[in-house]
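need a 3D model of the sequence below.
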Amino acid sequence: MSELESRTVTESRVEMTEIVMPNDANPLGNAMGGRVMHWLDVCAAVCAGRHARTPVVTASVDNVDFHNPVSVGSVIVLLASVNYTGRTSMEVGVKCWQEVRSTGARKHVVSAYLTFVSLDPETRKPRAVPAIEPMTDDEKRRFSEAEARRKARLALRK
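Okay, the predicted model is just below:
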């Protein structure tokens with residue numbers, strides 16, 4: 001496979017888990033929002049890097065809306081996948097849940113869209129990324145929605 005052949009969403013999908021430890025918590029005993037945002041960024045960066053097969057840097061993060069607190073000792077599950085690719089950038093969607101250890105039930109904590117830029121490892125300048133090839137109806141929907149978000153982001157820059 002050449003470097004710029006398209007890749008499927010599943011080729012770079014990442015699932016990451018964390019246990020909320022006391023040093024991750026605020027005075028109320030819940031995960032600090034900044035710590036959860038750190039985990040979102042790490043999970044998304046691994047996903048983007050897998051897709052691009054280059055170093056990547058975070059270019060932007062869309063709205064981060066927290067839905068539920070996560071207490072110390074809880075398991076956090078993050079799932080990231082590439083939704084859309086441009087010439088040198090890609091949008092990665094990350095969804096985060098709190099998983100109940102005794103039942104495996106999950107409660108939505110936060111979702112976010114992060115944009116990453118692929119960098120040439122030697123020059124550290126932006127480098128072209130392979131196109132994403134959405135296969136399922138859900139992947140095609142996320143691609144279309146990501147394309148609309150990209151157009152909105154670009155319009156805000158003007």
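
where do the strands of this structure begin and end?
7-8, 14-19, 56-61, 65-66, 75-85, 89-99, 106-118, 132-133 (DSSP state E).

quickly list what the residue nearest to V64 when sequence neighbours are not counted is bridged to.
Once flanking residues are discounted, V64 sits nearest to A112: 4.8 Å by C-beta to C-beta, 6 or more residues apart in numbering. Every residue, glycine included, has its C-beta placed from N, CA and C. A112 has the following beta-bridge partners by DSSP bridges: V94.

ok, now which ones touch A112?
M37, L40, A44, V61, D62, N63, V64, G93, V94 (C-beta atoms under 8 Å, 6 or more residues apart in numbering).

so for R124, which of the strands of the chain sits nearest?
strand 56-61 (9.0 Å; C-beta to C-beta).

next one: the spatially most central residue of the chain from D137, what distance?
Taking C-alpha atoms, centre = their mean, the centroid of the chain lies closest to A44, which sits 3.2 Å from it. For A44, the distance to D137 (C-beta to C-beta, to the nearest Å) stands at 23 Å.

what do you get for V129?
Taking C-beta to C-beta, one finds V129 at 24 Å from D137.

which one's more surrounded, these two?
V129 (25 against 8; other C-beta atoms under 10 Å).
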